[in-house]
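Peer 1: okay, predicted coordinates and the sequence, questions at the end:
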Amino acid sequence: MAAGPEARSGTRPGLAAPVLASKITTPALPAWLIPRPRLTERIAGGTELPLTVLTGPPGAGKTTALASWAAAVPGRVAWVTLDEYDNRPGIFWSHVAAALGQAGVAVPGGLPVPSRSRAIGRASLVRLVSVLAAQHRPVVLVLDDLHLITDPGLVQELARVLRYARPGLRLIAAARADPLLPLHRYRVAGELTEIRAAELAFTVPEAAQLMAQHAVALPAGTLELITSRVEGWAAGLRLAALSLDNHPDPALFIKNLTAEDNAITSYLVAEVLDAQPAATRDLMLQTSILNQVNADLARELTGNPQAAARLAALARSNAFVEPLGGGWYRYHCLLAALLRLMLRRESPGRIPGLHRRAARWYQQNGSPAQAVAHAVQISDGPLAAQIVIDELAIPDLLEPGSSSLADGLRQMFPPRELPDGTARPPSLLAAAVLRLSDGQDQACADLLDAAERRLDQVPADQEITARLAAALIRATVARRSGDPGTVRSAAAEAWELFGQLPGGLQTRRPLARAHILSARGTAGLWSGDMTAATAAFRAAAAAAPQGSQTQAACCGHLALIEAMHGRLNQAAELAAATTPPAGLPVPSASVALALVHLQRHELAAGQNRLKQAETALRTRPDRLIGALACLAAARGALARNRGAAAADLLQRARHGWSPPPWLDHLVTLTESRAHAAPAALDAPGRAGTEPATAGAPVVTEELSHREREVLRHAASMLSNPEIAGELYISVNTVKTHLASIYRKLGANDRRQAVRRARHLKLI
C-alpha cells in the first residue's frame, strides 16, 4: 500500500515519523477467498523457524495466503505492509515498533521513537532486541513487500535484529524477489522456510473452487486448460473468473486470453512492462519470439551488451521471468503471448529478421531442429532447407525421434507438393529426404536426380555439404532398392566429403559421422568383406549418440555378422544389447536373433523373431537384410520339412534385384537342399533333413583355394606338420589357414570345421 498524503506532508526533519494504522493492520479477507489448507499449513510450519520467505511475481497470492494464515492460526502477529517510503530507517522502524506494540509486545516507554530523517541509534536497536528476546511466546512479524527495502544500512539493521532477537521473534517476509537478508546462512543452518511461486500457484481443484466462488461453471477440460494457460497464477485466474462471468463462449475467451485487450493484459502491462526501463522492455519484446532465452542469444537478437544483467535482474525481481538453470530463462506463457502481440502491433517489420538471427544462432550452436523451427515461423523454406544441409541433418531426419525437425520441414515441403522448377538443390534435397522417410522411394529418387543436376549451381562454401547430403540419400535409396554398386560408391564419396569438412562441424554432428560409417559398413557387408564391415559398424556404433536408431542398427549388423559365422553367444549378446528408440525393432538385430534361435533348433522363437523383422522392414526397408530374413525363414521351413515353402522363400530372397555373389551362393546351396528330397521334406510326419540343416551357420566369406586344400588334408586326419609337408608351407602358415577356416565356418575345432564343410559341400 502506498503511503497517504498525511505520511508525506506532516513531518519535518527531527520530528517523529507518523504511523499509518492501515499499514500495521492485517488485510481483511475478500469474500471470494477460498481456503487453501496446504499453504496455511506450510506457513504455520515455517513459524517454528526464525525466517520464512514467500516470493512470487505480482498477483501470485502472497499477501492473501499470509492473511489467510493469520486469520486461521492463533498467535501474536505483527503486520507491516511496506511501500517505497519505508526505505528509510526512521519510517521503517516506527511502523515495526507500532505493529509489535499492537501485537502485545511491551515496547518500553524509554524506547525512543525514531525520526523520519535519521537512522535509528544502536542503543535503541539493542533495547528492541532485548525486549523481543525476552518474550515468553514468540511474536511473528510479517513484512509484506519486503523487496521494496533496499537501503543497505536498513537491511543490516533488520538482519541484526532477526539474528539476536531469537527465540522471541519469528519473521515472515513476502516479496517479489528474494529480500537482501543473508538467506544463505539460514538455509545452511536449516532455519529457513522458502515458499516459491510454483507452490503458490493454484492447482486445478483450487481453480475450480475459485471459479465456483464467482459463479462460473466450466467443463473439466476447459478448467484444466485455463489453469495451464495462466500457470496457476492467482491474479490471472481471478481476472479470468471476473471476465468469464456471463461470457457466451468460455473456450473462445481462453483461446484469446492474450490476443486482445482485457483485464489480464492490462494487469501485466501495468505491473510488469510499465515498471521496466525502456531498454529492458525492448529486450523483452525482441526476445519474446523465443521459447527460452539466454544472454548470448539475447545479445544476438538485440545487440544489447547488457542482456545478461537485464535478464538476471528480471528473474530476481520475479517479473514473470523464470530461471531454468544453465543461464537460460523463460517468460511466463501469458507474458510471452502478450509480448508477441505487442511486438506484432508495434514493430511487425522486425519479426522476420529476429527469427532469422535466432535460426542462425541455433544453427551455429548445434541445434538444427530449433533453427528450422524459427525458419518455419516466417515460412522461409529455403532457409530451413539450407540449415538442414549445412548442419548435416539428413541422418536426423531418418531417425525415428526426429519428429520435431521433420514436422517443421513438412510445413515447408508438404508431402503431395513438389518444389517448383526454380528450387535450389538444398530445397530439393530436403524434400527428397522427407519423401524417403515417408517411404516414397521413387519420389525421393526423382527429387534427388533433380538436385544432383543442379549441384554445380551451389555456392562454393556450401558445395561439400550439399554433395554429402546427396551421397547419403543416394546410399540409403540404394540400400533399400538393392544396388550394391551404388551403396559402395555413395558411401566412399560421403566419407571423402566428410573428411573435407571443418573439424568443428564434424565434432558437433556425431550422428552424421555414424551414418556415413554405417554406410561404409553396409558396403563392406554387401561385398562380402566381413572384416571391413565389422570395423566400420563398430566405429559407427561408437560414434552414434547413445540410444539412437543408428547405434542400434549398427549393433544389430554386428550381431548379424556374428550369427552368420556361427558365433551364437556373441550374436545374442550384441542383439540383446540394442535399445532401439520408441520401441521400434531393429531389422538386423531381429534377423540375427532368428539365426541364433534356428541354429539352436529353437524354431518357434526363431519364427517370432522373423515376424518381428518383417514388421520392422516395412518401415525401414533394407534389401539385403530382407533377403537374409528370407534365407533364415527358408532354413526354418526346411527344419519343419516344408520344402515347397522354403523354395518360395528363397525365390523371394532373389526377387527384384541381384544379390551379392556370396548371398546368391548361399541361396543356391539352400535351394539344392530344398530340392534334394522334396518328398521327404514335404511329407507329414517324416523326419526330413538332418538336424544340422537348421543349425549350420550362414557362411558369408568363401574359403580361398589354399584354405580348401588345407581343409581337405585336415579331413584326411593329417597332422599340421604333415599338411605343411604335403603343401610345402610352414606349420605356422597351416595354423593361420586353419584359424581363418574356423572363423569363416563358425567352427571351434578341426572336427567341427570338417563336418560343416562337408555339409555345405565345400569338400
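Peer 2: Happy to help now that I have it.

Peer 1: isn't Val388 up against Val372?
Peer 2: Yes: here Val388 reaches Val372: they are 6.6 Å apart, a contact under CB atoms under 8 Å. To be clear about C-beta, it is placed using only N, CA and C from the backbone, and glycine gets the same treatment.

Peer 1: pLDDT weak spots in the stretch 201-350 of the chain?
Peer 2: Of all residues in the stretch 201-350 of the chain, those with pLDDT under 70 make up the ranges 246, 258-261.

Peer 1: and with 80 instead?
Peer 2: When residues are selected by pLDDT under 80, those of the stretch 201-350 of the chain lie in 243-262.

Peer 1: all strands of it, in order?
Peer 2: 293-294, 321-325, 328-331 (DSSP state E, counting those that start in this stretch).

Peer 1: packing partners of the first one?
Peer 2: Judged by 3 or more CB pairs under 8 Å, 6 or more residues apart in numbering; DSSP states H and E, strand 293-294 is in contact with strand 328-331.

Peer 1: just give me how far the strand it packs on sits from the chain centre.
Peer 2: 16 Å (CA atoms, centre = their mean, to the nearest Å).

Peer 1: before we move on, what about stretch 726-735?
Peer 2: With CA atoms, centre = their mean, you get 59 Å for stretch 726-735.

Peer 1: pull up the distance across it, start to finish.
Peer 2: 14 Å (CA to CA, to the nearest Å).

Peer 1: one more: stretch 44-54?
Peer 2: First-to-last residue span, stretch 44-54, CA to CA: 13 Å.

Peer 1: pull out the buried positions in it.
Peer 2: Residues of stretch 44-54 classed as buried: 44, 46-47, 49-54 (neighbour count, 16 or more other CB atoms under 10 Å).

Peer 1: what of stretch 356-364?
Peer 2: Applying a neighbour-count criterion of 16+ other CB under 10 Å, one finds 356-363 buried in stretch 356-364.

Peer 1: JSON lines for the residues you listed, including pLDDT, secondary structure and distance to Ala490?
Peer 2: JSON lines is the format used below for the buried residues of stretch 356-364 (pLDDT from 0 to 100; DSSP: H, G, I helix; E, B strand; the rest coil; distance: CB to CB, whole Å):
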{"residue": "Arg356", "pLDDT": "97", "secondary structure": "helix", "distance to Ala490": "33"}
{"residue": "Arg357", "pLDDT": "97", "secondary structure": "helix", "distance to Ala490": "36"}
{"residue": "Ala358", "pLDDT": "97", "secondary structure": "helix", "distance to Ala490": "34"}
{"residue": "Ala359", "pLDDT": "96", "secondary structure": "helix", "distance to Ala490": "29"}
{"residue": "Arg360", "pLDDT": "95", "secondary structure": "helix", "distance to Ala490": "30"}
{"residue": "Trp361", "pLDDT": "96", "secondary structure": "helix", "distance to Ala490": "33"}
{"residue": "Tyr362", "pLDDT": "94", "secondary structure": "helix", "distance to Ala490": "29"}
{"residue": "Gln363", "pLDDT": "92", "secondary structure": "helix", "distance to Ala490": "26"}
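
Peer 1: show me which of those residues is closest to Ala312.
Peer 2: Trp361 (19.6 Å; CB to CB).

Peer 1: so that closest one touches Arg299, yeah?
Peer 2: No: if you go by CB under 8 Å, Trp361 and Arg299 don't touch, sitting 9.6 Å apart.

Peer 1: per-residue pLDDT of Val477, please?
Peer 2: For Val477, the model assigns a pLDDT of 93.

Peer 1: which SSE is it in?
Peer 2: Here Val477 is covered by helix 460-481, with elements defined by DSSP states H and E.

Peer 1: packing partners of the very next helix or strand once past that helix?
Peer 2: Next in sequence after helix 460-481, counting helices and strands by DSSP H and E, comes helix 484-499. Where contact means 3+ CB pairs under 8 Å, 6+ apart, helix 484-499 is packed against helix 460-481, helix 510-527.

Peer 1: mind running it again at 10 Å?
Peer 2: Helices and strands touching helix 484-499, by 3 or more CB pairs under 10 Å, 6 or more residues apart in numbering; DSSP states H and E, are helix 460-481, helix 503-508, helix 510-527, helix 623-639.

Peer 1: mind putting those helices in JSON lines, distance to Phe253 and mean neighbour count included?
Peer 2: Conversion of those to JSON lines gives the following (distance: least, CB to CB, whole Å; neighbours: other CB atoms under 10 Å):
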{"stretch": "helix 460-481", "distance to Phe253": "47", "mean neighbour count": "22"}
{"stretch": "helix 503-508", "distance to Phe253": "45", "mean neighbour count": "12"}
{"stretch": "helix 510-527", "distance to Phe253": "45", "mean neighbour count": "25"}
{"stretch": "helix 623-639", "distance to Phe253": "55", "mean neighbour count": "25"}
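
Peer 1: between the ones you listed, which one is closest to Thr280.
Peer 2: Closest approach to Thr280 among those is made by helix 503-508 (33.0 Å; CB to CB).

Peer 1: need the contact partners of the closest one.
Peer 2: Defining contact as CB atoms under 10 Å, 6 or more residues apart in numbering, one finds that helix 503-508 is touched by 364-367, 390-392, 464-465, 498-500, 502, 512-513.

Peer 1: recalculate using a threshold of 6 Å.
Peer 2: Surrounding helix 503-508, the residues in contact under the criterion CB atoms under 6 Å, 6 or more residues apart in numbering are Gly366.

Peer 1: just checking, what packs against the helix holding Val477?
Peer 2: helix 381-390, helix 425-437, helix 441-453, helix 484-499 (3 or more CB pairs under 6 Å, 6 or more residues apart in numbering; DSSP states H and E).
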